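J.: Got a predicted model here, sequence first, then my questions.
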Number of protein chains: 2
Amino acid sequence: MKSGEGGGLGKRKAYILATVVYEYIATAEPVGSQSLTQKYNLGVSSATVRNDMAELEAGGYLVQPHTSAGRVPSDAGYRTYVDRLMEPELLQSEERHRIRDELRDASRELDEIIDNATRLLGRLSKNLAFVTKPQPDAQTFRHIQLIWLTARTGVAIVVTSLGVSAQSMFELAADATPDDLTRLSNALNARLGNRVLREVAEAEVAASVAEAALGEDVKQAVLTALRNARSAEAPTVSAAGAQNLLDQPEFQDLRKLRSILRIVEEQKTLYDLVADSMTSESASVKIGRELGQDEMTDFSIVTVPYRFGEQAIGMLSILGPRRMPYGRLMALAAGTAETLTERLIDVEIK
Amino acid sequence: MKSGEGGGLGKRKAYILATVVYEYIATAEPVGSQSLTQKYNLGVSSATVRNDMAELEAGGYLVQPHTSAGRVPSDAGYRTYVDRLMEPELLQSEERHRIRDELRDASRELDEIIDNATRLLGRLSKNLAFVTKPQPDAQTFRHIQLIWLTARTGVAIVVTSLGVSAQSMFELAADATPDDLTRLSNALNARLGNRVLREVAEAEVAASVAEAALGEDVKQAVLTALRNARSAEAPTVSAAGAQNLLDQPEFQDLRKLRSILRIVEEQKTLYDLVADSMTSESASVKIGRELGQDEMTDFSIVTVPYRFGEQAIGMLSILGPRRMPYGRLMALAAGTAETLTERLIDVEIK
DNA sequence: CTTAGCAGTCTTGGCGCCGGAGTGCCAACC
DNA sequence: GGTTGGCACTCCGGCGCCAAGACTGCTAAG
């Protein structure tokens, strides 16, 4: 549950802070000096704890909901707990296996795998889980196919190493034949093979179009199609477990819940909340105001990136009350991310 | 607001029932005889209304939350109101235009159009809106393309009249060349053109495979791919506006909200609730227990199918408290469905 | 059949009170 | 100087009580 040193706090105060956070996470009740000494063997009296708590409050780690109530951790209190006081948790091997089993059975379609992982994480964490779907532009180009539909319309399909990633309809200013599009598809495939999508340059498309002896309008259509295929402004986010939040006592206030639901529906906002955690190596945590949204002061988010090969291509996150079991949720998210990473190797198109 | 005859109720009782329902929908408070006579010009005294209300209760149209409270409509009361008492509402032409404008700007991708319509309906109705996406099997076949990825893997892309509808990865038991797949694609396209997907028979696929001189394993792969492309067990459902429900007084009880959120996440359940309304000509309404789910006794759903050409291919629904403004929501859903129907013609691939 | 009047019922909200938990401070102690 | 027991004080939350308000059902008269 706790231990560690805790910055310039002094050993005992750090320990008390850790215990207060731990106890508050468990009970959702402000914790007082007396109940703390009764429940935990602190080796000092409640009066001493009281003094330390007063100093922890002065230092900004704890706050009092009102005089004559116990203390509750502040953002800084949680932050210190997460960064320096809490012991990292590990998943039970039983849970580890469960995650593996549930993700293995899922289909080989990328979207379904992601959705499955999201639901699983929602269930296990008993909070709201959300997972960003991989942006195609970090994936490797495998195949493009321009399909002729009518003389002036067609659809471009791009297949990447993680599966069919996108399709995009196009219109032409001049007539084309099915054969034109096939020639161009072949030229593009020859030229772009095994390239990371992001690095495909306009000049290469232009060269292929020229090789197929087609005009400017086709070039524009292909470029647009590729751009669409590459990435949306914000990736799609899959979410699950909103109903779990209702069990938390902090949601007696429906307005909080309202803003959460709204944010979850606006996928862009949800993505922006965690976008910068993509580059993090392991689990990262944002607590309360750190999320930068007034409506989210009572929430925290744990985020872990998942990878394809070496490259981080998406993130798993858990959103819950600020009073969340950080250690456990970080372990869960990390374990699921790891399993998802392994799973993606399985479905790679080589 | 009301009027009409109302079955074997007698004119005045029907009118009183209509007024009670109307008033309860507006205020969410049980309505009593006295306040009713004060607010509406019924032409009779509160004592008379009292007597009629007692009979309406005996007839099962009204219920009392407790003695000495006003009355509240029962499922049967709402049902009678919706079927026979209420006046159909029409949308303001301003609203009509707003719907048209918002749906016009959306992209030409089917999924985005549907998502847009869902969000719009959620916003306008101030309730939870959900829309089923069209099952491909009612659409017309336009093109199939088998794309060669490796000697034993490929992906099948099916394009229908409403756009790329599905892709499906396949594995082969024996090696194939890109040319094999191209030949087969051409054979299939020649044979299946302009057919409704649902009606494509196994024999036709077999004939095309034979024509391309390919084996049983390819045939199975194509059949599976077509089956996947055709329809999932239940169509995907797009939902929006869950947060609107929080404004309703009936949601002080969080357990109700919990089950709603759960059901919305389980798309299958949501779809099953309304599946049988697909064949209905206009707006259909399910009230409380009519939904056949214990957790949903306090809710109602309004559903309107939307079409592609003559054929109903999906439904727009609004889920809200049983105490919902039926007339308005029916008009809204119908108006949105109509606009969506028109919009789909625009994006048809001819 | 309708209506006025009336007694009875039930919920809701305000008020005051008390108990519990916790704090801060002080003086004593090691 | 840090630690501790003791004590006075504060504040929230729950409980019981009461009064107000809103309805109902019933009865008897119009």
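T.: That came through, no problem.
J.: Do a quick rundown of the strands in chain A.
T.: When assigned using DSSP state E, the strands of chain A occupy the ranges A:62-63, A:72-73, A:128-132, A:141-150, A:153-160, A:163-171, A:237-240, A:284-287, A:299-308, A:311-321.
J.: pretty sure residue A:17 contacts residue A:85?
T.: Yes. The pair residue A:17 / residue A:85 is scored as a contact, 6.6 Å apart, by Cβ atoms under 8 Å. Any C-beta I mention is one placed from the backbone N, CA and C, and that applies to glycine too.
J.: Of the strands of chain A, which shows the lowest average pLDDT?
T.: Comparing mean pLDDT over the strands of chain A, the weakest stretch is strand A:163-171, at a mean of 77.
J.: report the angle between the axes of that strand and strand A:141-150?
T.: 30 degrees (axes from the mean of the first three to the mean of the last three Cα atoms, to 10 degrees).
J.: what about strand A:163-171, near chain B?
T.: Yes. Using Cβ under 8 Å from any Cβ of the partner chain, strand A:163-171 reaches chain B at A:163-164, A:167, A:169.
J.: and which of the residues you listed is nearest DNA strand C?
T.: Nearest to DNA strand C among these, counting by Cβ to the nearest atom of the strand, is residue A:163 at 55.0 Å.
J.: for the closest one, what are its contacts?
T.: By Cβ atoms under 8 Å, 6 or more residues apart in numbering or on different chains, the contact set of residue A:163 is A:109-110, A:347, A:349, B:155, B:169.
J.: likewise residue A:263?
T.: Contacts of residue A:263 by Cβ under 8 Å, 6+ apart are A:269-270, A:273, A:293, A:295-296.
J.: Can you flag the buried ones in those residues?
T.: The neighbour-count criterion (16 or more other Cβ atoms under 10 Å in any protein chain shown) marks A:270, A:273, A:296 among the contacts of residue A:263 as buried.
J.: which residue sits closest to the residue in the stretch 101-250 of chain A positioned nearest to DNA strand C, ignoring its sequence neighbours?
T.: Relative to DNA strand C, the nearest point of the stretch 101-250 of chain A is residue A:249 (16.3 Å; Cβ to the nearest atom of the strand). Among residues not flanking residue A:249 along the chain, residue A:28 sits closest, at 4.9 Å (Cβ to Cβ, 6 or more residues apart in numbering or on different chains).
J.: swap in residue A:127?
T.: residue A:320 (3.5 Å).
J.: again, but for residue A:131
T.: Per Cβ to Cβ, 6+ apart, closest to residue A:131 is residue A:118, 4.5 Å.
J.: show me what contacts the one you found?
T.: By Cβ under 8 Å, 6+ apart, residue A:118 lies in contact with A:129-131, A:238-240, A:316.
J.: Same list (the residues you listed) but as JSON lines, adding distance to residue A:325 and neighbour count.
T.: Below are those laid out as JSON lines (distance: Cβ to Cβ, whole Å; neighbours: other Cβ atoms under 10 Å in any protein chain shown):
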{"residue": "A:129", "distance to residue A:325": "14", "neighbour count": "30"}
{"residue": "A:130", "distance to residue A:325": "18", "neighbour count": "26"}
{"residue": "A:131", "distance to residue A:325": "20", "neighbour count": "30"}
{"residue": "A:238", "distance to residue A:325": "23", "neighbour count": "21"}
{"residue": "A:239", "distance to residue A:325": "20", "neighbour count": "21"}
{"residue": "A:240", "distance to residue A:325": "19", "neighbour count": "22"}
{"residue": "A:316", "distance to residue A:325": "16", "neighbour count": "29"}
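J.: quick one: which of the residues you listed is nearest residue A:262?
T.: residue A:239 (12.4 Å; Cβ to Cβ).
J.: hang on, residue A:247 packs against residue A:128?
T.: No. Counting by Cβ under 8 Å, residue A:247 sits too far from residue A:128 to count as a contact (11.5 Å).
J.: Could you measure from residue A:348 over to residue A:111?
T.: 15 Å (Cβ to Cβ, to the nearest Å).
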